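Peer 1: got a sequence here, can you model it:
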Amino acid sequence: MIIGWRRGDPQEALLKREWLVTNGLGGYASGTIGGACTRRFHGLLIAAMPAPLGRVMMVNHFEEHLIVGDRTALLSADEHGDAPRFPDPDLLEEFGLENGLPVWRWSRDGVRLEKRVVMPHQQNTTYIVYRLLESPEPVTLELRVSLHFRPHEGLLNGPLAEHWSIDARDHGIEISDGRDYPSLRLQFLGKGELLNDERSFPGIIYRIERSRGYEYEGTLWSPGVIRFTIEPGRNVGLIASVESWETLQALDAGEACAAENARRDRLLEIGDAAITDEFSAQLVLAADQFLISPRTRAADEARAHATGDDPRTVIAGYHWFTDWGRDTMISLEGLTLVTGRHREAGNIIRTFASYIRDGLIPNMFPEGEHAGLYHTADATMWFFHAVHRYVRYTNDRATLRALLPKLIDIIDHHIKGTHFGIHVDPSDGLLTQGAEGYQLTWMDAKVGDWVVTPRRGKAVEINALYYNALCILENFLREEGDEVNAHRMRDHASRARESFNRRFWYEEGQHLYDVVDENDAAFRPNQIFAISLDYPVLDESRWATIVDAVEEKLLTPVGLRSLSREHPDYKKAYDGDLRARDAAYHQGTVWGWLIGPFIDAWRKVHPDENARRFLDGFRPHIEQACIGTIAEVFDAEPPFHPRGCAAQAWSVAEVLRSLRTLRDANVIPEGSGVDHAADQDEQRRVFA
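Peer 2: Purely as a prediction, here's the structure:
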């Protein structure tokens with residue numbers, strides 16, 4: 001069990017720590033431990049619907065009251081105006097994750113109540129189950145369900161429906177708002193009845209949206225209060241769903257929880273090679289949250305099913321990201337190959353291969369749309385890396401042979417030139433890119449027309465990835481007997497390597513330029529890829545100088561800073577409104593995923609030393625923000641507050657991959673992670 005809160009912890013932490021449950025479709029349930037919705041994305045059911053709807057907010061909030069005799073206790077917080085209502089003090093005993101799923105336990109005067117939230121895999125359904133663990137007599141539970149059907153990122157103050165309809169069903173109700181959204185079905189578990197008391201609640205405050213400079217106040221509507229009587233040892237609750245009534249009634253609460261726990265047990269079983277302790281086991285379960293079937297895009301399903309395949313992709317982060325090509329390819333090894341989910345890795349690769357256009361894979365798929373956007377210079381190069389790791393793990397030569405013509409075509413398009421100015425410069429054989437108004441590298445912040453880090457030209461990691469891709473393809477071709485194309489790729493690689501080492505070395509600073517031809521000498525983590533990738537483009541004589549400098553200037557307990565402190569554009573915190581945050585996004589802000597490439601490079605320079613310590617900072621983190629997972633970014637200075645997406649695919653993937661790499665290298669003996677109490681205490685002190 002991963003504990004996120006215990007009685008005696010600061011009450012404010014109830015609104016700062018979050019939980020997340022997903023359904024394998026991109027839908028989810030999420031909120032704060034205390035029950036208040038502090039983000040526009042918090043809710044008990046965010047359903048993933050086919051385009052053009054995309055993800056839809058269906059159930060926003062539960063107000064929970066426990067009635068024992070003549071005493072009524074508030075279990076869940078909310079925020080009306082500027083004064084949050086907290087649950088009754090000392091009522092919540094603890095919150096934690098069991099098998100990766102959230103569990104609340106309340107207790108007072110001999111009464112103990114437990115709540116669990118479960119989403120059945122591949123269903124837009126949430127089970128909210130309450131169990132009376134101990135009590136001298138039956139108690140009453142009242143749930144007020146509050147709603148505002150809206151697009152995932154729709155306006156909080158957008159108009160509520162003028163006419164809600166409530167249809168009574170056997171042990172449940174069906175709610176429609178008369179618009180294009182699906183109907184919400186609420187099935188009662190146990191002895192429940194709806195007390196008709198329709199209300200609107202204006203002035204609901206979403207504090208995180210306010211802090212981020214977004215619209216932050218909205219109105220919710222409630223059909224009334226659902227009242228349950230609970231007897232000791234029995235369950236009550238609700239099933240919230242947009243699936244059919246027949247689907248809802250296929251599983252009772254016990255069966256749904258048992259099925260999901262059995263599925264998670266299987267994930268731990270097949271991911272055993274990645275597990276050394278409770279921390280890594282939790283990351284195996286966290287990895288599952290990002291692997292989805294793209295039900296929102298019917299074309300993916302049709303293409304995949306026609307070939308007997310199964311479409312799969314990766315949600316880049318919760319709550320607001322969809323699937324991104326770059327994030328998917330970087331995350332693929334940690335999420336699928338390390339965890340033993342090889343078949344899904346192949347499905348993901350083949351899904352993205354079907355989208356290759358003019359030598360590029362998509363950068364992203366916008367919410368609720370069918371087609372991808374292709375404005376990226378590095379995602380396609382990461383595709384080679386992902387394929388290489390996939391073949392290394394699985395030896396799936398059939399998939400490799402099917403991909404080889406596409407891989408050759410990608411390189412040929414880059415050599416000739418493709419969209420957004422992406423092309424190989426014939427004068428030096430290096431890959432250059434850039435188009436006005438676009439940000440094509442992973443440092444892609446943009447506010448209006450302002451591209452914060454345009455990095456147009458020959459970026460260091462783009463060329464490290466390009467060289468790596470050429471070497472990977474050369475070896476694939478040679479293994480498959482295509483010596484002509486293998487020789488051609490070798491020639492391109494040799495020229496790129498010679499030019500890279502000649503042009504990117506910044507003698508005065510003793511590190512690599514971030515971009516040439518403009519000779520941008522900003523000290524950034526991008527240079528680490530010239531060492532960390534399977535085929536390092538940088539001459540080995542300079543590895544130690546770079547690695548030691550990156551460790552000194554950029555390393556933190558939770559990843560690498562995106563810019564060194566001495567640069568005039570360095571920002572200590574990723575905070576404030578959208579413009580302030582994007583100005584800091586890649587200007588010092590720490591990125592968790594970069595710890596993986598750093599460890600890869602560091603171990604090449606220090607092969608006999610223990611790199612485990614570089615991961616220790618993530619251990620306390622998974623109990624302090626979105627419980628059980630790893631955030632997207634962190635402030636650049638202590639206490640390294642987590643920021644951005646609450647749960648990020650490549651953060652989880654790269655920490656998990658690094659743990660597996662170190663275990664395979666016998667750097668982390670099995671079970672060793674649980675014995676670092678002193679180290680973890682120190683990390684907790686830093687984060688506090």
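Peer 1: buried sites along stretch 605-625?
Peer 2: For stretch 605-625, a neighbour-count test (16 or more other CB atoms under 10 Å) marks 605, 611-612, 614-625 as buried. Glycine gets a C-beta too; all of them are placed from N, C-alpha and C.
Peer 1: just give me the closest of those residues to Y216.
Peer 2: Closest approach to Y216 among those (CB to CB): A625, at 20.0 Å.
Peer 1: contacting residues around the closest one?
Peer 2: Neighbouring residues of A625 by CB atoms under 8 Å, 6 or more residues apart in numbering: K16, R17, E18, A631, P642, A646.
Peer 1: please repeat the previous calculation with a cut-off of 6 Å.
Peer 2: By CB atoms under 6 Å, 6 or more residues apart in numbering, the contact list for A625 reads A631, P642.
Peer 1: what pLDDT does it get?
Peer 2: Note for A625: predicted pLDDT of 96.
Peer 1: in the strand or helix carrying A402, what counts as buried?
Peer 2: In the assignment (DSSP states H and E), A402 maps to helix 397-416. By neighbour count on 16+ other CB under 10 Å, the buried set for helix 397-416 is T399, L400, L403, L404, L407, I408, I410, I411, H413, H414, I415.
Peer 1: for the third one, give its distance to W104.
Peer 2: Distance, L403 to W104, by CB to CB, to the nearest Å: 47 Å.
Peer 1: can you check P607 too?
Peer 2: Going from P607 to W104 by CB to CB gives 46 Å.
Peer 1: and for the nearest residue to H42 once chain neighbours are set aside, the neighbour number?
Peer 2: In space, not counting the residues next to it along the chain, H42 is nearest to G31; the distance is 4.5 Å by CB to CB, 6 or more residues apart in numbering. The local packing of G31 (other CB atoms under 10 Å) involves 26 other residues.
Peer 1: sec struct for the closest residue to R227 other than its chain neighbours, please.
Peer 2: In space, R227 comes closest to E142 once its chain neighbours are excluded; the distance is 5.2 Å by CB to CB, 6+ apart. Counting by DSSP: H, G, I helix; E, B strand; the rest coil, the backbone at E142 sits in strand.
Peer 1: so who does E142 touch?
Peer 2: Shown in contact with E142 (CB under 6 Å, 6+ apart): H65, V225, R227.
Peer 1: which of the residues you listed sits closest to R561?
Peer 2: Nearest to R561, judged by CB to CB, of the contacts of E142 is H65 at 46.5 Å.
Peer 1: which ones are touching the closest one?
Peer 2: Listed by CB under 6 Å, 6+ apart, the contact partners of H65 are T72, L74, E142.
Peer 1: next, the buried residues of stretch 145-153.
Peer 2: V145, S146, L147, H148, F149, R150, P151, H152.
Peer 1: centroid-wise, who is the farthest residue in this structure?
Peer 2: D70 (44.4 Å; CA atoms, centre = their mean).
Peer 1: T140 versus that one, what's the distance?
Peer 2: Relative to T140, D70 is positioned 11 Å away (criterion: CB to CB).
Peer 1: next: P642.
Peer 2: As for P642, its distance to T140 is 38 Å (criterion: CB to CB).
Peer 1: for the two, indicate the residue with more neighbours.
Peer 2: When P642 is set against T140 and neighbours are counted by other CB under 10 Å, the residue ahead is P642, at 25 against 15.
Peer 1: V633 is in contact with the more buried one, correct?
Peer 2: No: using CB atoms under 6 Å, P642 and V633 do not qualify as a contacting pair, with a distance of 7.6 Å.
Peer 1: now name the helix or strand holding the nearest residue to T336 once chain neighbours are set aside.
Peer 2: Beyond its immediate neighbours in the sequence, the residue positioned closest to T336 (CB to CB, 6+ apart) is A345, lying 3.8 Å away. With the criterion set as DSSP H and E, the secondary-structure element containing A345 is helix 342-353.
Peer 1: state the mean pLDDT of the host helix or strand of I546.
Peer 2: Taking DSSP H and E as the definition, I546 sits inside helix 543-553. Within the predicted structure, the mean pLDDT of helix 543-553 is 98.
Peer 1: centre of the chain to that helix, how far?
Peer 2: For helix 543-553, the distance from its own C-alpha centre to the chain's C-alpha centre is 29 Å (CA atoms, centre = their mean, to the nearest Å).
Peer 1: W382 and R392, how far apart?
Peer 2: From W382 across to R392, the span is 15 Å (CB to CB).
Peer 1: neighbour count for those two, which is higher?
Peer 2: Summary of the neighbour comparison: W382 and R392, criterion other CB under 10 Å, with W382 having more neighbours (24 against 11).
Peer 1: what residue ranges in the protein score low on pLDDT?
Peer 2: Applying pLDDT under 70 to the chain flags the ranges 79-84, 296-301, 304, 368, 370, 667-688.
Peer 1: can you do 80?
Peer 2: Applying pLDDT under 80 to the chain picks out residues 78-89, 295-309, 368-371, 447, 666-688.
Peer 1: quick check: domain ranges of it?
Peer 2: Per the record's domain assignment (automatic domain parsing), the chain is made up of the domains 2-265, 271-687.
Peer 1: and the end-to-end length of the first one?
Peer 2: Terminal residues of domain 2-265 are spaced 16 Å apart (CA to CA, to the nearest Å).
Peer 1: the stretch 1-150 of the chain: helices as residue ranges?
Peer 2: Taking DSSP state H, counting those that start in this stretch as the criterion, the stretch 1-150 of the chain carries its helices at 13-16.
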